[in-house]
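Visitor: only geometry, no sequence info:
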């Protein structure tokens, strides 16, 4: 890992910034944590690649991480990485967050976004759809922590998420955002529960593109959909196990 210029330890987590950086306004912190269909993971990976975001920080989960070191380009890297460029920051994860650290991570993300002066936290989430195989174009829904976040989706023609459950980091990030008055917009897309879903990610990115007023070309994402499904198969299995540990009324209700 790069030598940090700033470190902060927070209840079993270690946040490291590798360089001084600024984010333009209005600023968006996009979260890509493992979830249903890995929609957030796939979306943020594509954003990093499309916008040429650079790795500026990372989050290590200290003693409770599985005995695995992430090696990329011959360098040891933290399991959660933060990228930035222009007015976009993105958090990407290489492994599901252990359930015992989910509350700490949710609080850290909200705290960090507020310290950084981020205008909007954008959570990209998959919601398990029992008839996903019959849906050609997944629906996108929204949840907002406040009126400021809600204004981002006004006029976009997408519906609010009226009934269901959020389980895991995204749920606690939303609740912490409400508590501490941070603007968190959750974008949810119909997704497969058992398989990575690049098509759902592309649909959410089309909505996010309208929100930020910048084109996001998802053609390559869709062309490589089968390769992405194969590459992320192991992470999807780990994610389902972690979600089961966190509990929920029904696996079909996870988001």
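Guide: Received it, and whenever you're ready, just let me know what you need. Please read all numbers here as calculations on a predicted model, not as lab measurements. Numbering: from 1, shown residues only.
Visitor: all helices for the chain, in order.
Guide: Counting by DSSP state H, the chain has helices at residues 39-51, 102-115, 147-150, 169-180, 198-212, 219-223, 225-231, 233-246.
Visitor: now distance to residue 32, mean pLDDT and mean neighbour count too, for the ones you listed, in JSON lines please.
Guide: (Each C-beta comes from the backbone N, C-alpha and C, glycine too.) Below are the helices of the chain laid out as JSON lines (distance: least, CB to CB, whole Å; pLDDT from 0 to 100; neighbours: other CB atoms under 10 Å):
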{"stretch": "helix 39-51", "distance to residue 32": "3", "mean pLDDT": "96", "mean neighbour count": "24"}
{"stretch": "helix 102-115", "distance to residue 32": "12", "mean pLDDT": "96", "mean neighbour count": "20"}
{"stretch": "helix 147-150", "distance to residue 32": "18", "mean pLDDT": "98", "mean neighbour count": "15"}
{"stretch": "helix 169-180", "distance to residue 32": "11", "mean pLDDT": "96", "mean neighbour count": "20"}
{"stretch": "helix 198-212", "distance to residue 32": "9", "mean pLDDT": "97", "mean neighbour count": "22"}
{"stretch": "helix 219-223", "distance to residue 32": "13", "mean pLDDT": "93", "mean neighbour count": "13"}
{"stretch": "helix 225-231", "distance to residue 32": "13", "mean pLDDT": "91", "mean neighbour count": "14"}
{"stretch": "helix 233-246", "distance to residue 32": "12", "mean pLDDT": "82", "mean neighbour count": "16"}
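Visitor: can I get those helices in CSV with distance to residue 58?
Guide: Conversion of these to CSV gives the following (distance: least, CB to CB, whole Å):
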stretch, distance to residue 58
helix 39-51, 13
helix 102-115, 12
helix 147-150, 26
helix 169-180, 16
helix 198-212, 22
helix 219-223, 24
helix 225-231, 21
helix 233-246, 18
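Visitor: out of those helices, nearest to residue 85?
Guide: helix 39-51 (5.6 Å; CB to CB).
Visitor: contacts for that closest one?
Guide: 30-35, 53, 83, 85-86, 88, 90-93, 123-126, 189, 191, 196-198, 200-201, 204-205, 208, 214, 216-218, 221, 228, 232, 235 (CB atoms under 8 Å, 6 or more residues apart in numbering).
Visitor: hmm, which of the residues you listed are the buried ones?
Guide: 30-35, 53, 83, 85, 88, 90-93, 123-126, 189, 191, 196-198, 200-201, 204-205, 208, 216, 218, 221, 228, 232, 235 (16 or more other CB atoms under 10 Å).
Visitor: those residues in strands, which ones?
Guide: Those of the buried ones among the contacts of helix 39-51 mapping onto strands are 30-32, 83, 85, 88, 90-93, 123-126, 189, 191, per DSSP state E.
Visitor: for residue 189, see how far away residue 236 is.
Guide: 16 Å (CB to CB, to the nearest Å).
Visitor: ignore what I typed, I meant residue 103.
Guide: 25 Å.
Visitor: before we move on, what about residue 175?
Guide: 21 Å.
Visitor: please apply the same query to residue 142.
Guide: Distance from residue 142 to residue 189, by CB to CB: 10 Å.
Visitor: quick check: buried residues in stretch 131-145?
Guide: 132, 135, 138, 140, 141, 142, 143, 144, 145.
Visitor: could you check the pLDDT of the closest residue to the first one other than its chain neighbours?
Guide: Leaving aside its sequence neighbours, residue 132 sits nearest to residue 192 (CB to CB, 6 or more residues apart in numbering; 5.0 Å). At residue 192 the predicted local confidence, pLDDT, stands at 91.
Visitor: appreciated, that's everything.
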